[in-house]
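> From the sequence below, what's the structure:
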Amino acid sequence: MQSALRGFLLLSPLLITTLGIVAIAVGQQRIPFDGLQLRYFSETTQTVQERTGIYASWWTTLLFHNVSDTSSVMDIAVNGTVTQSNQQQPEKFNRTANFPTDRDTLIFLTNGGQDNLTIYAGPSGVAIPALPGLTIDLTRSWNLHDKPLIRTPLGAFSSYRYHTAIKSIAIPTGGALDLDFYAAYEMNTQVLIAGEVWATINGSSAMIARTEIREANLFSAQGPSRCLIATATYGSELAPQVQFLREFRDEKIDKTFAGSSFMIVFNAWYYSFSPSVASEVHANPALQAVMQAILYPLLLILRVSATFFDAFSLQPEFATVLAGLFASGMMGIIYLWSPALLLCRRYRNGVKRALKLLLIVFGATLIGLAIAEVIANFMLATLSSTTLVLANVFLSASLPSVILDRK
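Next up, the predicted model:
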């Protein structure tokens, strides 16, 4: 009984750490939050210009404030132009609207991933610049169409793409058309990142307008995620080591569902201390040399992990899990074997109990991550991936002790 209690106490830091950083990450990702700003660029397509002589483009900036559990104030600023028959007409307006935060809306979802959602798009009709005089109501039922990887100037995002259709719409020039609307929402934040409008007339379909996100302050007030400590250690964001770390994160891990779910938690933890550490390293050349020695094994580990990822790149989700397990395991062995050895020698029986519990946690979270992948559940993926990595770190750190103990 006493050794079991010791095992649980030794394991408790893992549970506390996991729940703590997941809570931080989820808290930071409450959408919308006060000060959230989203900027979209929209335009009609070349098809519309060729067939109607109309081209429209516009920027829409949304700023949220006075956010509560049920509503927020949204400032809307639109600045664009409509060109027809070589005549350009400016379109510019500003308004403020009350916007709900307790339901699925055209700008952000609360229940992304479900097959069917009623999405709120505001109290008034939405104008279609490609078709003058036509407005439609997009507050309606939308169906989950697919889960594509959407590429935007802000990066590539795993997304839920929803679809709704409005049939047999009378148009001012005569006749009728069908309209299909697609809206893609980033899986983690559930914020709108891209949209398309397709028109069908007499059996012929073409995209007539598209929208994509161009600017957002979603993840950090400091802008895009940066390798702060590595940049301070190697002296420049252009250093090969920093570029490798950034590319491995952005071009491989962050483009998968499992990887992006884990990175939300990792970023919340990393950016809670990295600015102050980077500042100290940057100001101290001697400390830079120490950090280079500390980071050298990490870079080797991640280069091998990147090789694993590339070898299984046809199955990116599996490749991410494999690379993550190798990286976290090697980090545990290299960086934590010494304190783990001391702990194992002092609390031998308790550690054995803790390792058995860790093995159970490892297996359960691996299954949980697989389930999260199948049902595309972000919260389950975040909790499972984080716990899996931490369990693997502690298990791997104890390996040298277990081997020496058997000898």
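> domains of this protein?
2-29+224-406, 37-216 (automatic domain parsing).
> Could you provide the ones you listed in CSV, with additional columns for mean neighbour count and mean pLDDT?
Placement of C-beta: from N, CA and C, glycine included. Putting those into CSV (neighbours: other C-beta atoms under 10 Å; pLDDT from 0 to 100) gives the following:
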stretch, mean neighbour count, mean pLDDT
domain 2-29+224-406, 17, 78
domain 37-216, 16, 84
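> Please report phi then psi for S204.
phi -100, psi 130 (degrees, to the nearest 10).
> How about G203?
As for G203, its main-chain torsions (degrees, to the nearest 10) stand at phi 80, psi 0.
> all helices of the chain, in order?
2-28, 46-52, 228-234, 240-247, 257-270, 274-282, 285-311, 316-346, 348-375, 378-406 (DSSP state H).
> what helices or strands is the last one leaning on?
Think helix 378-406. If contacts are counted by 3 or more C-beta pairs under 8 Å, 6 or more residues apart in numbering; DSSP states H and E, helix 378-406 sits against helix 2-28, helix 257-270, helix 316-346, helix 348-375.
> so what secondary structure elements neighbour the shortest one?
Packed against helix 257-270, as judged by 3+ C-beta pairs under 8 Å, 6+ apart, are the following elements: helix 2-28, strand 155-170, helix 316-346, helix 348-375, helix 378-406.
> got the angle between it and helix 378-406?
80 degrees (axes from the mean of the first three to the mean of the last three C-alpha atoms, to 10 degrees).
> isn't N217 right next to G35, touching?
Yes: under the criterion of C-beta atoms under 8 Å, N217 makes contact with G35 at 7.2 Å.
> Which of those two has more residues huddled nearby?
Taking neighbours as other C-beta atoms under 10 Å, N217 and G35 compare with N217 leading, 15 against 11.
> where's the more buried one relative to W337, distance?
41 Å (C-beta to C-beta, to the nearest Å).
> G203 too?
Taking C-beta to C-beta, one finds G203 at 68 Å from W337.
> what's the answer for L390, then?
16 Å.
> now A370
29 Å.
> again, but for V48
Following C-beta to C-beta, the distance that separates V48 from W337 is 63 Å.
> ok, now E43?
From E43 across to W337, the span is 56 Å (C-beta to C-beta).
> next one: A397
Applying C-beta to C-beta, the value for A397 to W337 is 6 Å.
> Now F308: closest residue in space, sequence neighbours ignored.
A323 (4.8 Å; C-beta to C-beta, 6 or more residues apart in numbering).
> pretty sure the one you found contacts S305?
Yes: when contacts are counted by C-beta under 8 Å, A323 is listed as touching S305 (4.1 Å).
> Quickly list what N79 is bridged to.
Beta-bridge partners of N79, counted by DSSP bridges, are W59, K92.
> Am I right that it is in contact with W58?
Yes: contact status for N79 versus W58: in contact at 6.6 Å, counting by C-beta under 8 Å.
> Now for these two: what residues contact both?
Residues touching both N79 and W58 by C-beta atoms under 8 Å, 6 or more residues apart in numbering: E91.
> Could you report the separation of F257 from Y271?
22 Å.
> Next: S204.
When S204 is compared with Y271 (using C-beta to C-beta), they lie 50 Å apart.
> and if you look at G175?
Taken as C-beta to C-beta, the span from G175 to Y271 is 55 Å.
> what's the answer for S141, then?
Going from S141 to Y271 by C-beta to C-beta gives 39 Å.
> next one: T105
28 Å.
> swap in L179?
The gap separating L179 from Y271 is 42 Å, by C-beta to C-beta.
> In space, not sequence, find me the middle residue of the chain.
With distances taken as C-alpha atoms, centre = their mean, N188 lies nearest the centre of the chain, 4.6 Å away.
> for it, what are its contacts?
Q29, S260, S261, I264, F378 are the contacts of N188 under C-beta under 8 Å, 6+ apart.
> can you pull the contacts of the last one?
This points to F378. For F378, the contact set (C-beta under 8 Å, 6+ apart) comprises G113, M187, N188, S261, A372.
> isn't the fourth one right up against T382?
What that stands for is S261. Yes: counting by C-beta under 8 Å, T382 is a contact partner of S261 at 4.7 Å.
> just how off-centre is stretch 34-50 within its chain?
21 Å (C-alpha atoms, centre = their mean, to the nearest Å).
> Tell me the span between the first and last residue of it.
Across stretch 34-50, the terminal residues are separated by 42 Å (C-alpha to C-alpha, to the nearest Å).
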